[in-house]
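*Asks:* sharing a sequence plus its predicted fold:
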Amino acid sequence: MAAAAATLARRITRSGVLPLCRRLPVWGRAARRPPGLPLAPCRAFSNKKIQVDMNESSGVATMKFKSPPVNSLNLDFLTEFCISLEKLENDRACRGIIITSAIPKIFSSGLDITEMCGKSTEHYTEFWRAVQEMWLRLYSSNMVTLAVVNGSSPAGGCLIALSCDYRIMADNPKYTIGLNEAQLGIVAPFWFKDTFVNVVGQRVAERSLQLGSLYPAPEALKFGIVDELVPEEKLQEKATAVMAQWLALPDHARQITKSMMRKAVLDLLVAHREEDIKNFTSFVSKESIQKSLRMYMEMLKKKKS
């Protein structure tokens, strides 16, 4: 897995663009598979930060984040995430994926601040390209993608949930979700913003992004950030039922519809990917931003102590 991760990281860094996961054409797996050809089995696989289990009878994989303490999206995590998605996209047996966390009370804390503080321009470039790749693969996935948000999910963790087709969150007011970049002195990129707008609408997104709002679960449901709240002990049961509902539809019709709805946003980043990387590296390299990030990291250290 380490070798595969290194290979993917090199491909992202050198080429600038990896092929999106079968985004075009968008025909369903059933339509592509010749009649009579059996589905290839998909074995469970795991790496240091992500565990994937496949239910071959249902065609549904469960991806669990297991990168303690808070599932931070660092370069290694992002690389393993992309590799795991690629494996599932390429497996014709897999039609849907449930994304959740193996760590109690946290879905994902978002982008790892240490990847953006005190590093070289080359490192910032490699890191941001990996963040882009994660979103491009997830947002364009032909699979049914279901986020089971079983803990708090700020910033990049919220982006992962927003990028899925459906979001179920644990009914716990202590869990929060939102794009809170503004609180760190960071501006959410245009494709974060576009993803958010597509889910909640212009007004809620504009207000939330300017204030860097983190919403408790009940408010997240009210504003449409998540689709359902479910008692924590019933999350898996509900996820299974929702996934079955989505998979009852013909794959090709759902996939083509999804592509039509998301294509413009995806194409915008693909067309401006290098410009987006330059903007990020220039912005994060500013001393004022580095100072804000250092202050935030010190605040986190004090909270832990």
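*Replies:* Noted; the coordinates are in hand.

*Asks:* pLDDT at Cys42, what is it?
*Replies:* pLDDT, Cys42: 47.

*Asks:* same thing with Lys302?
*Replies:* Lys302 is assigned 73 on the pLDDT scale.

*Asks:* just for this protein, where's the confidence low?
*Replies:* Within the chain, the ranges that satisfy pLDDT under 70 run 1-44, 304-305.

*Asks:* which residues touch the closest residue to Gly96 other than its chain neighbours?
*Replies:* Leaving out its chain neighbours, the residue that sits closest to Gly96 by Cβ to Cβ, 6 or more residues apart in numbering is Val144, at 3.7 Å. All C-beta spots, glycine's among them, are computed from the backbone N, C-alpha and C. By Cβ atoms under 8 Å, 6 or more residues apart in numbering, the residues touching Val144 are 95-97, 165-166, 243, 246-247, 254.

*Asks:* switch the cut-off to 10 Å
*Replies:* Contact partners of Val144, counting by Cβ atoms under 10 Å, 6 or more residues apart in numbering, are 59-60, 94-98, 164-166, 242-243, 245-247, 249, 251, 254-255, 258.

*Asks:* hmm, which of those residues are the buried ones?
*Replies:* Among these, those that count as buried by neighbour count (16 or more other Cβ atoms under 10 Å) are 59-60, 94-98, 164-166, 242-243, 246-247, 251, 254-255, 258.

*Asks:* in strands, which of these appear?
*Replies:* Applying DSSP state E to the buried ones among the contacts of Val144, the entries found in strands are 60, 96-98, 166.

*Asks:* what is the nearest of these to Thr121?
*Replies:* Ile97 (34.4 Å; Cβ to Cβ).

*Asks:* and the closest one, how close does it get to Glu115?
*Replies:* According to Cβ to Cβ, to the nearest Å, Ile97 stands 25 Å off from Glu115.

*Asks:* again with Ser67
*Replies:* To Glu115, Ser67 is 13 Å away according to Cβ to Cβ.

*Asks:* Leu235 now?
*Replies:* According to Cβ to Cβ, Leu235 and Glu115 sit 30 Å apart.

*Asks:* more neighbours, these two?
*Replies:* Under the criterion of other Cβ atoms under 10 Å, the comparison of Leu235 against Glu115 puts Glu115 first, with 23 against 20.

*Asks:* residues contacting the residue nearest to the more buried one when sequence neighbours are not counted?
*Replies:* Among residues not flanking Glu115 along the chain, Phe127 sits closest, at 4.7 Å (Cβ to Cβ, 6+ apart). Each residue near Phe127 by Cβ under 10 Å, 6+ apart is listed here: 73-75, 78, 111-112, 115-116, 119, 277, 280-281, 284.

*Asks:* whichever strand or helix holds Phe127: what's the following helix or strand?
*Replies:* Here Phe127 sits within helix 121-139, counting by DSSP states H and E. Heading C-terminal from helix 121-139, the first helix or strand you meet, by DSSP H and E, is strand 144-149.

*Asks:* pull out the buried residues from that following strand.
*Replies:* 144-149.

*Asks:* one more: stretch 178-187?
*Replies:* 178-181, 183-184, 186.

*Asks:* likewise for stretch 117-132?
*Replies:* Buried, per 16+ other Cβ under 10 Å, within stretch 117-132: 117, 124-132.
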